[in-house]
Each structure stands twice: as structure tokens, then as C-alpha cells.
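Asker: What would the 3D arrangement of this be:
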Amino acid sequence: MTRLGHNRGLPLWAKIMMPLLILLVLAGGGAAWFLTGQTGPAGGGEYTLEVKSGETVAAVVQELEDHDVVRSADALRYEMRRTGTDASLKEGLYDLNGQMTVAEVAQALAAAPRQATIKVTVPEGRRIKDLPGIFKKAGFELQGLKEALNDPSLSKYAEVNLEGFVFPATYEFKKGSTAKEAVTQMVDRMNEEFTPERIAKAKAEKLSVYDWVTLASMVQAEAANDKEMPIIAGVFLNRLRDGMTLGSDPTVAYGLGKDLPELNRAAGDFSTDHDWNTYTRQGLPKTPINNPGEAALLGVLNAQRKLADGRDALYFLHTPDGKIYVNHTFEEHQSDNVRYRSQ
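Answerer: Numbers count the residues shown, from 1 in each chain. Modelled structure (predicted):
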């Protein structure tokens, strides 16, 4: 008996096309399997992609393949084209990881990026002349920084320059920021300290904002720690009230352009008259002498004016072991000076 072939009765064109159709189906299944394998997670760790100005999509997707964020740069580029992400890629930072699918990576690249920043820490009590070096050490050299720090127009409270009106803190500045933008950011942060309530307290002490900051800068320079700040502020406020000279070594150093350890009494540093010599002149120095922190600013507003026995605090001294002694009379002050500093 004659067996019937499987293709018996089919037209000739169908017999020819059948193998081709089978190959196409197999190829399509293989392509689908291949694409699925290329679009799944690559298995890499966390990676921050920085897209720079003028960088191409081709370079970006290749970088992500090289760092195991995606398995295939081509698969990611195809997905970005399909979703339109390739036209919306922006300069900045993208936080990605190798546990994301290609579709998730493309979606992340379509979102707004973080801006690249540089962290700079400005310590309390530093002068504006110190800031360019601090910025440079942090890897953020800004052309015109010195000029911007000497521009009082950037603060509504400054007069001669911005000494005293740059808040000490840790900042994250955007890459590409200008000197004026960076300085304005620090000045704006200082302005946050000048709340209406605090300004009212300063006025109650007969201090303008400028006077308040100037006195706080002296307290910042004189105090060994935050606890001492209200005590030292109380001494200075009492002396201002009584018309006494303030007698602050850091103001003398500032006026001479020296650091405190460089002062030389024998060379006449303390007798040389200038706008910051609080031994030869009454009242506050001409300008703040550094950039005080919040503790010093609040120390002035919460000054401790009285001794334990109720008398006014008018003198203070630090001993080599780091203690502070406060007195009402010069005789008591001299006695403590001999007793504790001669040891």
C-alpha cells in the first residue's frame, strides 16, 4: 500500500515556502531568546554615571556595559531610541546598578539627573583670606574668589568686605559655579542666622547686626570651647557698657595681618595704634575679625554677665591647662594671672 507524504496535495509554492517559514519561526524564537538575555540585569554593583557636556549616547551606553550595569550597549541604545530617551539625556549624575533591566536603566536616564557637586568645609573662625586656600585644598579653584569675598554688596549687612558674613559650614557647590554664586550661597546661609527674634535680642544689647557679628567674631577667636562663649561675651558686653577697652589679642593680630602666635609685645604690636587695636581704642574693632559660627553668635545673645557672687564679670584669662578664670576686679585678675600662669 502506498503511503501518503505529509506534503501530498500541497501546491508547489507551499512546498517551497514551508521550510523557509519554519526557519523564520525558529530564527524569531532565537532572536526573542537572545534579546531577553541581553535586556536582563547584568549583575554588576552600584554605579554613578556622570554625563558630561557634549558626551554622546554611544559613549554613555558603552560605559554602562563596561561597568556591568547593562549586558549590551546595543540593547540599551535600542531601548533608548525606542522610548525617546536618547534625545533627553542631560548633563549630570545618574545613580544606577547592575540589578536593573535595560528598560529600567533607560527609564532612569530619562529622569532629571543629580548635579555634580564639590564638597567644601569652611571651619568656624577662619578669615576670608583663608578661604581661597580652603577651596583649593578641596579641589575647587574658583577664579575671582578673592574679589568676591571682598565685595560687601553681596550681603545686606556687610560694610568693608564680607569678613564675618560667610557662614562656616560644609557646602556642596555645583561644578561650574562662579565665585560670586559660591560666595552668595555662603552669605545666604549666614543670613539665615539673622532671624527677627535674634536681631531684636541684639538690639536689646544695643548692638546692630554688624556689631553683633563683630563681637561674635571676637568671642569665636577668644573661646576655647562653646561653653565659654556666653561667659566671654558677658565680659566684653560689660566692658563696652562701662567704657573700658576690650583688650583682645586676636583683634590686634587681625589688624596687623598676623596670626595670634606671631604677636610680639617687645616689637610694639600691642602699642601700635590702628582700627583693630582694642588696647589703644575703646569700643569694637572696625570690622569682624573672622567668620563666627552659630555658637558664637548665640553666645553674644545669651551672654553670662554675672559671676557666681552677683558681681559683674569684667576680666578673664585662660591657663595653660585650658581652664578659664573670670573676675570682677583687675587686682583679682592679676592675682589669678600670677597664680595660674606662672606655674
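
Asker: the helices in the stretch 151-300 of the chain, which residues?
Answerer: 179-191, 196-204, 209-222, 229-241, 249-256, 294-301 (DSSP state H, counting those that start in this stretch).

Asker: Would you mind telling me which of those helices is nearest R311?
Answerer: Nearest to R311 among these is helix 229-241 (10.1 Å), distances taken as CB to CB. C-beta coordinates here come from the backbone N, C-alpha and C atoms, glycine included.

Asker: So what's the residue count around G247?
Answerer: 16 (other CB atoms under 10 Å).

Asker: What ranges in this protein fall below the confidence cut-off?
Answerer: Counting by pLDDT under 70, the chain shows low-confidence ranges at 1-37, 342-343.

Asker: Domain-wise, how is it divided?
Answerer: Residue ranges for each domain of the chain read 46-110, 117-191, 196-305, as given by automatic domain parsing.

Asker: export the ones you listed to TSV and tack on distance to A313?
Answerer: Formatted as TSV, these follow (distance: least, CB to CB, whole Å):
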stretch	distance to A313
domain 46-110	53
domain 117-191	22
domain 196-305	5
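
Asker: Figure out which of these is closest to E331.
Answerer: The nearest among these, by CB to CB, is domain 196-305 at 15.1 Å.

Asker: What's the end-to-end length of that closest one?
Answerer: Chord length of domain 196-305, first to last residue, is 23 Å (CA to CA, to the nearest Å).

Asker: Let me know which of the helices of the stretch 151-300 of the chain is tucked in deepest.
Answerer: Mean neighbours per residue, mean count of other CB atoms under 10 Å, is largest over the helices of the stretch 151-300 of the chain for helix 209-222, with a mean of 25.

Asker: got the angle between that helix and helix 196-204?
Answerer: 90 degrees (axes from the mean of the first three to the mean of the last three CA atoms, to 10 degrees).

Asker: what helices or strands is helix 209-222 leaning on?
Answerer: helix 196-204, helix 229-241, helix 249-256, helix 294-301 (3 or more CB pairs under 8 Å, 6 or more residues apart in numbering; DSSP states H and E).

Asker: returning to that earlier point: the helices of the stretch 151-300 of the chain: which one's closest to F330?
Answerer: helix 229-241 (11.7 Å).

Asker: Contacts for the closest one, please.
Answerer: By CB atoms under 8 Å, 6 or more residues apart in numbering, the surrounding residues in contact with helix 229-241 are 205, 215-216, 218-220, 222-223, 245-248, 283-284, 295-296, 298-300, 302-306, 312-316, 324, 326.

Asker: That one vs helix 294-301, what angle?
Answerer: Following the same axes, to 10 degrees, one obtains 40 degrees for the angle between helix 229-241 and helix 294-301.

Asker: Out of the domains of the chain, which gets nearest to R339?
Answerer: Between R339 and the domains of the chain, the shortest separation by CB to CB is 18.8 Å, and it involves domain 196-305.

Asker: In TSV, list the helices of the stretch 151-300 of the chain along with distance to N97.
Answerer: Compiled in TSV, those are given as follows (distance: least, CB to CB, whole Å):
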stretch	distance to N97
helix 179-191	31
helix 196-204	45
helix 209-222	44
helix 229-241	46
helix 249-256	51
helix 294-301	38
